Every structure is written in structure tokens, then in C-alpha cells.
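J.: One predicted model, sequence on top.
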Amino acid sequence: MAPTNTLPAWSELQAHRDDIAKNFVLKEAFASDADRFNKFSRTFKSDGVSADILFDFSKNFLTNETLDLLVKLADEAGVERKRDAMFRGDKINFTENRAVYHTALRNVGGWEMKVEGQDVMNGPNGVNSVLQHMKEFSEQVRSGEWVGYTGKKLTNIVNVGIGGSDLGPVMVTEALKHYGAPDMTLHFVSNIDGTHMAEALKASDPETTLFLIASKTFTTAETITNANTAKAWFIEKTGGKGDVAKHFVALSTNEEEVTKFGIDKANMFGFESWVGGRYSVWSAIGLSVALYVGYDNFHKFLAGAHAMDKHFRETPLRDNIPVIGGLLGVWYADFFQAQTRLVAPFDQYLHRFAAYLQQLSMESNGKAITSDGSSAKYTTGSILFGEPCTNAQHSFFQLVHQGTKLIPADFILAAKSHNPIHDNLHQKMLASNYFAQAEALMVGKTDDQLRAEGTPEELIPHKRFLGNRPTTSILVGDVIGPAELGALIAYYEHLTFVEGAVWDINSFDQWGVELGKVLAKKILKELDEPGNGEGHDASTGGLIGAFKSFAKI
Ligand SMILES: O=P(O)(O)OC[C@H]1O[C@](O)(CO)[C@@H](O)[C@@H]1O
């Protein structure tokens, strides 16, 4: 396609941006249009699969004209065509020649889904048969039918994986803790730092521990090393009597490597190469979720995501919630030079949500090369960060309110708490902060207001809030249960897709993680050889030498 920044809508947006920057003030837009909230908010409805979710985009730099132009840009960039190609199973991951088909994993609605003419839902290794395997296994473990080598129930789960084979399962099991089996303890070991595995093993009893070795490729150095350490620990602790087949299962696409590792293929939960790591929590990689919250809840999680898929696939662009979210991402990144996106859930259970979204967003859209191999002449992927509120308000929100950078923010709240303790006071305080932060960011505080409060003149510049800082408020119409969580994640997945489609990059590969991996492998060997390694710059060589001398290696 023609470079995105040469599309007609791009230059129209540039001119429009100049007008907005000069003349648009959010609080005035509300004052002059009583209907603004209704005009620019959208409610996600899922026919009862999940609670309604309200997406309020009205506190954004958005007018009818902005939305028209952004939709025009999406049209010219072929967003709908690209979306349809994804749902058709086309190989849109063009640098790896793969389809992008995580939506098939949660296709509870019975869509026909094919890759290269093959039905991916049915058949011996199809999505439905893996789901059935996950259902049977999770029910056996939860009921105590599947026991360890001494006949004890397995209640300690250690998931060994990294990146997408860790972040999704961690985030989702934390988010759904309310639904978790009370007698089950979960550990997620991802880091190659021995401390991570050592601490998990310290807290584990081999008789009651189930290891899930989660790796799409089954070649990731951290995961395979951690898995081997876990296996050696298990064999040692059980005096060689422990039955690996009862205590180790694999979640992977690589049967050959799984078998080499010593896990029976009967205990392997598979998926296909068309599932990207950061999109894999819906696949067998989500086994820890099914074990912890039960298969029925895992199924609801899939159903919530499928409902969002349906919305994304079928809704015209102007009302399409992830499309609006993605286009706003482009609007701020490319036309207002915003470098970041803040996601702050007002929800303690979502404390790993931003960490999860970091991989989703930054591994997907941290690319500078477009589909024809040329460099993008515009800004792409934003830096995503976040922490739950109200904690974040007491750490980095100072910069969001009064710093020099524009930081578009998403705030997420559930109308109902799973823990309405103290007569729901906590939830009401949480909600009042959710409303107040977005309002404060928008309205700011003027010098006149400060003077009226008696603020000394010399403090006025310090206490001034310029306001006019955009936010999107997401309000879940009930508690955040499995279906609501599924819908929220799928919203961010599709938002990321839309951004990547407009930027004309491949949101589905991750070549940028390779170079460091290759160098680390080479240096690992050098640490056991004399000298400071071959061919390094003086800094790297000097550091290797100092490390060896300090560590006496
Ligand atoms: O599941 P695997 O194959 O071990 O990969 C783990 C992670 O490593 C990455 O490839 C990045 O190094 C991610 O994309 C992926 O989620």
C-alpha cells in the first residue's frame, strides 16, 4: 500500500490537528455540547455473555470531524480488508508466512475457521479436541482423580514459561483469583535468574506438585533451563521414584522437543504455529488458568473474548470499539507526538494487566519497517505503561498531571467489587478516584481558581493544572469475571491490530528479540573460557572481565 503518511486522510488529519491544537479545549467541548458524552461513548453488548462494558471516548481530542477523518484513514489503510484477511486465516504474518488465528482458539460461536483450506476447529488436533483434553485434565486434577506418584492430590502448580507463555497465565490467574480453587497454590517461574526457580521449589512439595512446561517453541533458553532444573529437583527429591509422567506436562507446538525432554506426548497440550506467543493465553498455554478457575470459567473467558471478536468483525468502523481505540492511538502518536499510553486499572486483581499489555502492544507494534520493506516515515508503537490505581496516583501521576508530556490514559473500573467490604466503602472510594482523576486531567485548575482559594501569587505557577489531558474511561457493568476479562483483553488485542494495520507494519513477528538472544548464547560459552571473549567492544569486554574477576569464575 502507499505509505500511510501519503494517504489523503493523513494530510487532512494534519490540517485538522492544527485546528484542534489551537482551538479545541476538552472542557469547553463539553460545555458547548450537552450530548458529547453520548456521542462519543460506546457500549459493548454481548447478548448476555458478559456484562455490558461502557467505553467513554468523550474525554479525548475528538470531534465529529476527527472521527470522520480517522475512519477515512482506516478505510484508506485497508483496516477492514486486513481484519477480514485475519479472520479468513490468510497468512498476514508475512515475514513468518503464518496465519494469525488466535481468534479460532476462542471460537465458541461455531464460525467456520480454516487455514490453507483445513478446518482448524475439528479433527484430531483441532482446537476443540485440545479444549476437550484441557477440560478432562483440569477436571481430573481439580477433583483429585489425577494424583501424584504417592497418590496425593496435586495442589501446587508450577508454570514454567516466559513472555507470552507466562504473562497471560499470570495476569489472568491473578485477575480471576476470586474464582480460584482455594486449595491450589500457583507459582510462575519465568526468569533465568536462579532465584525465581529456587524460591518456587522451596515452597513446593514434589508429592503434590504439577509442573506445566509452557513454551510454544520448546526451545526458549530460559524455559528449557528452568524446566531441566525442575526435573532434576523432582528426580532428586523423590529419590528417582517420582513419576515424571504424572508431574510434568507440556504446553507447546513442538512435539519432537517435548518428547526429547522426556514428557510423554499424551501429556502434551498442543497448539499451532498460527498462535503468536503474546496471543496464546487462549490456547493450551492457558492450562494453568483452567486448572485454577475451572474449565467452565475458562470457557466463559473464551466466550467473552469471542463476543468482542464478533463485535470487531461485524461492527461498522465508526461504532467499532477497538477500531476507535486503535485510531485514537494513531491520532495521539502521530499527530500529537505522544510517546506513551498509560493503562491504569482501578482494580487490584488487574495488577499485572499493564505488564501483560506491554508485551501485547510493544512486541506487536514496536516495528519500524512497513509491508514493502521500507522504513516507516512516521511514528509507530507507543510505550505502554501502567499500574493499578489508586497506587499509581501516589507515584507517577504527578508527571501525568503536570509534566511536559502528553500521556493519553485508559482508566478501567468495574461497577461492582468482588470484595465489597466495609459496607462497600472501599469500592466507592475507588470509584470516586476513577471519576476524579479523569475529570481533573481534563478540567485542570486555573490561576483564577487558585487566587480565589487564596493561593500566594508565587505558588500559582506550581499549583496550576493546565488540564486538557485526554482519557478513555472503561466501565465494566458488573464485577470483572472471566467473560468480562476475556472481552477486555480481546479489546486491546484488536486495538493493537488496528494500530498496526494503519501503520502498515507486521504486528505479529518479533525479530527484535533475536539479536540479544544470539549474543547471550555466545557470551555464555565465553564465561567458561579464558579471557574476556572474542570481538567485543571495550566496554562489553571490560564488563565480562570484571564479572569473572568479581565472581571468581
Ligand atoms: O513460548 P516460547 O516459544 O518459549 O516463547 C516465549 C516468548 O519468547 C518470545 O519469542 C520473545 O523472545 C515471545 O514472543 C514469546 O512469547
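T.: Structure's in. What do you need?

J.: mind checking the SS state of the residue positioned nearest the centre of the chain?
T.: Nearest to the mean C-alpha position of the chain, counting by CA atoms, centre = their mean, stands Leu357 at 2.9 Å. Classification of Leu357 by DSSP: H, G, I helix; E, B strand; the rest coil places it in helix.

J.: Can you read off the pLDDT for it?
T.: For Leu357, the model assigns a pLDDT of 99.

J.: Return the distance of it relative to the ligand.
T.: 14 Å (CB to the nearest ligand atom, to the nearest Å). The way it works is simple: take the backbone N, C-alpha and C, and place the C-beta from them, glycine included.

J.: in terms of contact, does that residue touch Leu342 like I think?
T.: No: with contact defined as CB atoms under 8 Å, Leu357 and Leu342 do not form a contacting pair (10.6 Å).

J.: Identify the contacts common to those two.
T.: 384, 386 (CB atoms under 8 Å, 6 or more residues apart in numbering).

J.: got the contact list for Thr223?
T.: Applying CB under 8 Å, 6+ apart, the residues near Thr223 are 160-162, 165, 190, 213-215.

J.: Look up phi and psi at Asn156.
T.: phi -120, psi 110 (degrees, to the nearest 10).

J.: Can you report how many residues neighbour the closest residue to it other than its chain neighbours?
T.: Nearest residue to Asn156, sequence neighbours excluded (CB to CB, 6 or more residues apart in numbering): Thr209, at 4.4 Å. By other CB atoms under 10 Å, 26 other residues sit near Thr209.

J.: Show the contacting residues for Thr209.
T.: Taking CB under 8 Å, 6+ apart as the test, what Thr209 contacts is 148, 154, 156-158, 234, 247.

J.: And the contacts of stretch 141-150?
T.: Here stretch 141-150 has contacts from 137, 139-140, 153-154, 181, 184, 206-210, 238, 241-243, 246-247, 291, 294, using CB under 8 Å, 6+ apart.

J.: Could you check which residue of the stretch 301-450 of the chain lies nearest the ligand?
T.: Glu363 (5.8 Å; CB to the nearest ligand atom).

J.: My understanding was that that residue contacts Asp509; is that so?
T.: No: with contact defined as CB under 8 Å, Glu363 does not reach Asp509; the gap is 9.2 Å.

J.: These two: who's more crowded?
T.: When Glu363 is set against Asp509 and neighbours are counted by other CB under 10 Å, the residue ahead is Glu363, at 22 against 17.

J.: thinking again about what came up before, right, and the pair among the contacts of Thr209 with maximum separation?
T.: The distance between the two most remote of the contacts of Thr209 (CB to CB) is 13.8 Å, for Ile157 and Phe234.

J.: what secondary structure does Asn419 sit in?
T.: Asn419, by the three-state scheme (three-state DSSP), is coil.

J.: does it really touch His426, like I thought?
T.: Yes: between Asn419 and His426 there is a contact at 7.4 Å, judged by CB under 8 Å.

J.: show me the contacts for Phe353.
T.: 171, 175, 343, 345, 347, 386, 388, 412.

J.: Go again with 6 Å.
T.: Shown in contact with Phe353 (CB atoms under 6 Å, 6 or more residues apart in numbering): 171, 345.

J.: So which bits of the stretch 101-250 of the chain are right by the ligand?
T.: 162-165, 215-217, 220, 223 (CB under 6 Å from any ligand atom).

J.: Leaving out chain neighbours, which residue sits closest to Ala230?
T.: Closest residue to Ala230 apart from its sequence neighbours, by CB to CB, 6+ apart: Phe211 at 5.3 Å.

J.: tell me which element the one you found falls in.
T.: strand 209-214 (DSSP states H and E).

J.: same thing with Ala250?
T.: strand 248-252.

J.: chain center to that strand: distance?
T.: 22 Å (CA atoms, centre = their mean, to the nearest Å).

J.: Report the buried residues of that strand.
T.: Neighbour-count burial for strand 248-252, counted by 16 or more other CB atoms under 10 Å, picks out 248-252.

J.: Now that strand - C-alpha only, CSV.
T.: Only the C-alpha atoms of strand 248-252 are listed here, as CSV (Å, rounded to 0.1, in the frame of the first residue of the first chain):
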residue,chain,number,x,y,z
PHE,A,248,5.1,-32.9,34.2
VAL,A,249,3.0,-31.8,31.2
ALA,A,250,4.0,-29.7,28.2
LEU,A,251,2.1,-26.9,26.6
SER,A,252,3.7,-26.5,23.2
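
J.: I'd like the next helix or strand past that strand.
T.: Immediately after strand 248-252, counting by DSSP H and E, sits helix 255-261.

J.: Sheet partners, orientation included, of the next helix or strand after that next one?
T.: Next helix or strand after helix 255-261 toward the C-terminus (DSSP H and E): strand 268-270. For strand 268-270, the paired strands and their directions (DSSP bridges) read strand 248-252 (parallel).

J.: model confidence over the strand it pairs with, on average?
T.: Rounded mean pLDDT across strand 248-252 is 98.

J.: That strand vs strand 209-214, what angle?
T.: If you take axes from the mean of the first three to the mean of the last three CA atoms, to 10 degrees, strand 248-252 sits at 20 degrees to strand 209-214.

J.: Need the contact partners of strand 248-252.
T.: 211-215, 218, 258, 263, 267-269, 284-285, 287.

J.: if you set the cut-off to 8 Å instead, what comes out?
T.: 137, 161, 165, 210-218, 230-231, 234, 258, 261-263, 267-271, 283-285, 287.

J.: Confirm that Gly325 lies within a strand, as I assumed.
T.: No: in this structure, Gly325 is helix, not part of a strand, as judged by three-state DSSP.

J.: Which residues are in contact with the residue nearest to Ala230?
T.: Applying CB under 8 Å, 6+ apart, the residues near Phe211 are 158, 160, 227, 230-231, 234, 247-249.

J.: swap in Leu459?
T.: Leu459 neighbours (CB under 8 Å, 6+ apart): Leu450.

J.: rerun at 6 Å
T.: Contacts of Leu459 (CB under 6 Å, 6+ apart): none.

J.: That one and the ligand, how far apart?
T.: For Leu459, the distance to the ligand - CB to the nearest ligand atom - is 49 Å.

J.: do Thr150 as well
T.: Relative to the ligand, and taking CB to the nearest ligand atom, Thr150 is found at 31 Å.

J.: That residue and Asp205: what is the separation?
T.: 10 Å (CB to CB, to the nearest Å).

J.: where does the stretch 301-450 of the chain dip in pLDDT?
T.: Applying pLDDT under 70 to the stretch 301-450 of the chain flags no residue at all.

J.: Tell me where it has helices.
T.: Listed in chain order, the helices of the stretch 301-450 of the chain (DSSP state H, counting those that start in this stretch) span 321-335, 353-358, 364-365, 397-402, 421-443, 447-452.

J.: measure Ala538 to the ligand for me?
T.: 28 Å.

J.: Please name the residues that touch Glu484.
T.: Glu484 touches 50-51, 476, counting by CB under 6 Å, 6+ apart.

J.: Now render these as TSV, adding secondary structure.
T.: Formatted as TSV, those follow (three-state DSSP):
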residue	secondary structure
Ser50	coil
Ala51	coil
Val476	strand
